[in-house]
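# take this sequence and fold it.
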Amino acid sequence: MFFAVIATTVTLAAVFVPISFFPGRAGSLFAEFGFVLAFAVTVSSFVALTLAPMLASRVLARTVSPGRASVLIGRFGTGLAKLYGRILDACLGAPLVVVVVAVGFAAAAVVGFRFLPAELTPLEDRGFIPIFVSAPQATTVDYTDGQIRQIEAAARPFLESGEATNMFAIAFGRGGGGFMFLTLAPWSERERSQAEITSDLNARLQQIPGVQVFARRPNSLGIRGGGRGLQFAVVGDDYEALADAAGQMSRALEDNPSFSRVRVSYDTTQPQMSIRIDRDRAAEIGLPLASIAAAVQTLLDGRDLGNFFIGDNPIRIRVRVPSGMIQDANALDGIQLRADSGQMIPLSSIVTFEEIAVAPNLPRQDQLRAVPVTAGLADGVDLQQAMAIARDLAANIGPSGTSLAFTGEAKELETAGRGAGRTFIFALLVVVLVLAAQFESFASAIILIATVPFGVAAAVFAILLTGGSLNIYSQIGLVLLVGLMSKNGILIVEFANQLRDAGQTVREAIRNAAMIRLRPVVMTMISTVFGGVPLLLLAGAGSEARRALGWIIVGGLGFATLATLFLTPVVFSLLAPLSRPRAAESRRLADELQAAERDQAGSS
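Purely as a prediction, here's the structure:
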């Protein structure tokens, strides 16, 4: 049993540590998680090898007459053990049937996996709703304040009904826009969830003209822009081409029922003065470009000439035109400049002024010019599905040289998905190597790993049956499942190897090991499952994330225990003959040593 405890501890620690290296912002949430679990498992193994035997020697030494309940539970357990023995004999008698059923179950899970909705985090009820307001450029604070008053009126019914308890709003002084914060009532005091209230609120907000306003569904990761739906950027080399491609993409998304409230964050609404100088004409009449630039700057914005000192006190000197002299571009036509010849030249003869509209900022994504696009998701549409639709639409939109770059939650979902896959594969590889080193046999390691696909398949069906999604929490649960399944398998395989070393056949060893280890395996499963039940029952902030992990533990490990009790013995009976027992190897080594000693004695 000492060897089983050590093997289990090393395996679990080897599985838990890679979790701490999940990439991206989502991975930072679990930076300490894996190390804490590995440390806890290590400490628990020390307790199991020291404190538990001491307590057993004190407590179990006392003779206590069993009560009626203990007798009934004992009879029930004995009956289940007999039933398990009969089913196990049938499985060992038809191993190929068991393997085919297991492979079919895993194949069905692969098909079901494709129908799993994928998102960064499950839709959580955080108890508040942030509302963002975007107004046209150059709008006044009074205009934005008036629009926010209308938004407050749209949100006031939620305060009156008691679903919300507080509302805070602010209008920005620059850039046009504002922000609102709606605090919801405690979970026990309202019937509707945050998602339902947000959908209702967005339907009311869309009826307000003159501003773009939307209510978000925040997540627990604190990702900038999280909860806005699908966010991406059309990237390339030319802003005009990108803006045109983004406009086509926006129209395509609006025509698709999977999206709503599509917004392109590239508005050419900021006024700007465009100045063009006729360089040939300026050179012909003898006006240096520096003089023209200095004159235009002085007329439009003023120009610093330096400081004038009175004692040690500097006085800033700035040249500006009289107030009210330059009201628009037409006032610049009457300005004259002195050429090198001394002749006065009208500024309008060499300089052309034009008012144009430009974007207030030029965004970039991954060091490329970009035009951001945001689209809300319709009910029932997950983020991965939305990303796939966007990729298909983008394939036929935009000139060559433009591409799609996901941002916000979509980018984190891509990073987390790749990281989870690498972590899962790395965990499997580490478990194989650790088990091979512990058992001194790759066959034993493969026997334990062979049940992992069945356990993952059980977890997939648990997610499907509970209406969950594939998210960062369920992915972490799948990695944990690898270690927990290996733990149960070690209890049976390690004891079966000991029985083989004692001289039993493969079938006798695995049957006796499975029957003797039945109680520890079932007790481990029950304690783990019941430990995950509170994750499913507790409500409040973050309960959706806890349920995602809880269903993996409760449903996945519960079904996976069947793989440990039936599939592991069958796989052992098929693969164990490929390796020789350690006792046989020891006897072979002893025979070889004796033969060598006889040869040496004969030669002497």
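
# what sits against residue 35?
16-17, 20 (C-beta atoms under 8 Å, 6 or more residues apart in numbering). To be clear about C-beta, it is placed using only N, CA and C from the backbone, and glycine gets the same treatment.

# and residue 369, what helix or strand is that in?
Secondary structure from DSSP states H and E places residue 369 in strand 368-377.

# how would you label the nearest residue to residue 258 once chain neighbours are set aside: helix, strand or coil?
Leaving aside its sequence neighbours, residue 258 sits nearest to residue 381 (C-beta to C-beta, 6 or more residues apart in numbering; 4.6 Å). Put simply, residue 381 is coil when judged by DSSP: H, G, I helix; E, B strand; the rest coil.

# same check on the one 10 residues further on?
For residue 391, the assignment made with three-state DSSP gives helix.

# shouldn't it be in contact with residue 406?
No. Using C-beta atoms under 8 Å, residue 391 is not in contact with residue 406, being 9.2 Å away.

# who has more neighbours, those two?
Taking neighbours as other C-beta atoms under 10 Å, residue 391 and residue 406 compare with residue 406 leading, 20 against 12.

# and the residue nearest to the more buried one when sequence neighbours are not counted, how far from residue 79?
Excluding its sequence neighbours, the residue lying closest to residue 406 (C-beta to C-beta, 6+ apart) is residue 232, at 4.7 Å. The spacing between residue 232 and residue 79, counted by C-beta to C-beta, to the nearest Å, is 60 Å.

# same thing with residue 267?
In terms of C-beta to C-beta, residue 267 sits 74 Å off from residue 79.

# would you mark the buried spots in the strand or helix carrying residue 5?
Secondary structure assignment for residue 5, by DSSP H and E: helix 2-16. By 16 or more other C-beta atoms under 10 Å, the buried positions in helix 2-16 come out as 4-5, 7-16.

# please apply the same query to stretch 435-446.
Using 16+ other C-beta under 10 Å as the test for burial, stretch 435-446 gives 435-436, 438-439, 441-446.

# now do the phi/psi pair for residue 190.
Backbone geometry at residue 190, expressed as degrees, to the nearest 10, gives phi -140, psi 150.

# which ones are touching it?
Residue 190 is in contact with 162-163, 184, 197, counting by C-beta under 8 Å, 6+ apart.

# what about the stretch 351-500 of the chain, any weak spots by pLDDT?
Within the stretch 351-500 of the chain, the stretches with pLDDT under 70 are 357, 359-360, 398-399, 420.

# show me where it has strands.
For the stretch 351-500 of the chain, the strands defined by DSSP state E, counting those that start in this stretch occupy 351-358, 364-365, 368-377, 403-406.

# what does the second one contact?
By C-beta under 8 Å, 6+ apart, the residues outside strand 364-365 that reach it are 233, 235, 370, 372, 405, 407.

# I'd assumed residue 525 was in contact with residue 557.
Yes. When contacts are counted by C-beta under 8 Å, residue 557 is listed as touching residue 525 (6.4 Å).

# now the buried residues of stretch 435-446 as CSV including distance to residue 337?
Shown next, in CSV, are those (distance: C-beta to C-beta, whole Å):
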residue, distance to residue 337
435, 87
436, 87
438, 89
439, 92
441, 93
442, 88
443, 93
444, 92
445, 87
446, 88
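
# only alpha carbons, please: show the strand holding residue 369 as PDB.
Taking C-alpha atoms only, strand 368-377 is exported to PDB below (Å, rounded to 0.1, in the frame of the first residue of the first chain):
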ATOM      1  CA  LEU A 368      -1.100  46.400 -37.900                       C
ATOM      2  CA  ARG A 369      -3.600  49.100 -38.900                       C
ATOM      3  CA  ALA A 370      -7.000  47.900 -37.700                       C
ATOM      4  CA  VAL A 371     -10.600  48.800 -37.700                       C
ATOM      5  CA  PRO A 372     -12.400  47.300 -34.700                       C
ATOM      6  CA  VAL A 373     -15.800  45.700 -35.000                       C
ATOM      7  CA  THR A 374     -18.100  44.600 -32.100                       C
ATOM      8  CA  ALA A 375     -21.200  42.500 -32.400                       C
ATOM      9  CA  GLY A 376     -23.600  41.300 -29.800                       C
ATOM     10  CA  LEU A 377     -24.600  37.600 -29.800                       C
END
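
# off-centre distance for it?
Strand 368-377 has its C-alpha centroid displaced from the chain centroid by 20 Å (C-alpha atoms, centre = their mean, to the nearest Å).

# could you do stretch 102-113 as well?
With C-alpha atoms, centre = their mean as the basis, stretch 102-113 stands 24 Å off its chain's centre.

# could you check the angle the longest helix along the chain makes with strand 368-377?
For the chain, the helix with the greatest residue count under DSSP state H is helix 408-439. Orientation check (axes from the mean of the first three to the mean of the last three C-alpha atoms, to 10 degrees): helix 408-439 against strand 368-377 gives 90 degrees.

# report the angle between helix 408-439 and helix 2-16.
Going by the same axes, to 10 degrees, helix 408-439 makes 160 degrees with helix 2-16.
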